[in-house]
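**Q** what follows is a predicted structure for the sequence shown.
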Amino acid sequence: MLACRSLIDLGATLTAEQQTAQYFRAVCELDSHRFTINVVLDENLFRIGTAQPADNVMVANLETLLMTKAATLVSRCSEKDLYDLYWLVTKIDGVELGDLITLGQRVDAGVDAEAMLLVITGTQLLKNACSFAVEQGQGINKVFKVVNEFKDTLQKMLVDFLEGLPVPPLGKLVRKLRQICKAVKVVAS
């Protein structure tokens, strides 16, 4: 939080602040750029992530950002999350689905392909939530198209990945039960 407030010394303004012992959020404006700052006290992130200086401020490097964005996909899948993730995979060479899962697991042990698919599939994207990139010259329609296409691609990749995994014992039991239920319906007819 102190690092965020230190941006004021560089000429930034912070508004719409929310703060708890573990969380800080503010809308920041600096050099005619407006962005949201979210800070979560996560001791694990200090062990696994790295930061680098940028204009007298320490910021997470791209791999650390990719880890955190991949981990969010088991709890939320906002338009901004998808756009950030899309941007990161276009900037970091060779990122594959397995990498996203592995990196996400470094932040949150609950990250897996099934949990990601569940959240992504259940997310309905809204065009009016895509105005975050307008100041950078991206139109709402273009951003909405990018996040929709990226969501669809990610969803298909997750389905393909999961279909390629061996069936776990519980899955075998469910298949057996379905066969029994079908047999019972045939006999009852």
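**A** In hand now; what should we look at? Here the structure is a predicted model, which is why all the values come from computation and not from measurement. Numbering: from 1, shown residues only.
**Q** what's the first helix or strand after the helix ranked longest in the chain?
**A** Ranked by residue count and defined by DSSP state H, the top helix of the chain is helix 140-163. On the C-terminal side of helix 140-163, the closest following helix or strand by DSSP states H and E is helix 169-188.
**Q** dump that following helix to CSV, restricted to CA.
**A** Output for helix 169-188, consisting of C-alpha atoms alone and laid out as CSV, is shown next (Å, rounded to 0.1, in the frame of the first residue of the first chain):
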residue,chain,number,x,y,z
PRO,A,169,-11.8,-43.9,-11.2
LEU,A,170,-14.9,-41.8,-10.3
GLY,A,171,-15.4,-41.1,-14.0
LYS,A,172,-15.3,-44.8,-14.8
LEU,A,173,-17.9,-45.4,-12.1
VAL,A,174,-20.2,-42.6,-13.5
ARG,A,175,-19.9,-44.2,-17.0
LYS,A,176,-20.8,-47.6,-15.5
LEU,A,177,-23.9,-46.1,-13.7
ARG,A,178,-25.0,-44.4,-17.0
GLN,A,179,-24.8,-47.8,-18.7
ILE,A,180,-26.9,-49.4,-16.0
CYS,A,181,-29.5,-46.6,-16.1
LYS,A,182,-29.8,-47.0,-19.9
ALA,A,183,-30.2,-50.8,-19.6
VAL,A,184,-32.9,-50.3,-16.9
LYS,A,185,-34.8,-47.9,-19.2
VAL,A,186,-34.6,-50.3,-22.1
VAL,A,187,-35.9,-53.2,-20.0
ALA,A,188,-38.7,-51.0,-18.5
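**Q** who touches it?
**A** Contacts with helix 169-188, where a contact means C-beta atoms under 8 Å, 6 or more residues apart in numbering, come from Val167. Just so you know, the C-beta spots here come from the backbone N, C-alpha and C atoms, and that holds for glycine as well.
**Q** for this structure, what are the low-confidence residue spans?
**A** Regions of the chain meeting the criterion pLDDT under 70 cover residues 1-2, 134-136, 188-189.
**Q** please enumerate the strands of it.
**A** For the chain, applying DSSP state E gives strands covering 13-19, 23-30, 33-40, 51-54, 57-60.
**Q** winner for burial among the ones you listed?
**A** Using mean count of other C-beta atoms under 10 Å, the stretch among the strands of the chain with the largest mean neighbour count is strand 23-30, at a mean of 16.
**Q** what angle separates it from strand 33-40?
**A** Inter-element angle recorded for strand 23-30 and strand 33-40: 160 degrees (by axes from the mean of the first three to the mean of the last three C-alpha atoms, to 10 degrees).
**Q** how about residues contacting strand 23-30?
**A** Identification of contacts with strand 23-30 by C-beta under 8 Å, 6+ apart yields 1, 4, 7, 10-19, 34-41.
**Q** Glu79: how many residues sit nearby?
**A** Burial measure for Glu79: 23 neighbouring residues, criterion other C-beta atoms under 10 Å.
**Q** count the neighbours of Lys185 for me.
**A** By other C-beta under 10 Å, 9 other residues sit near Lys185.
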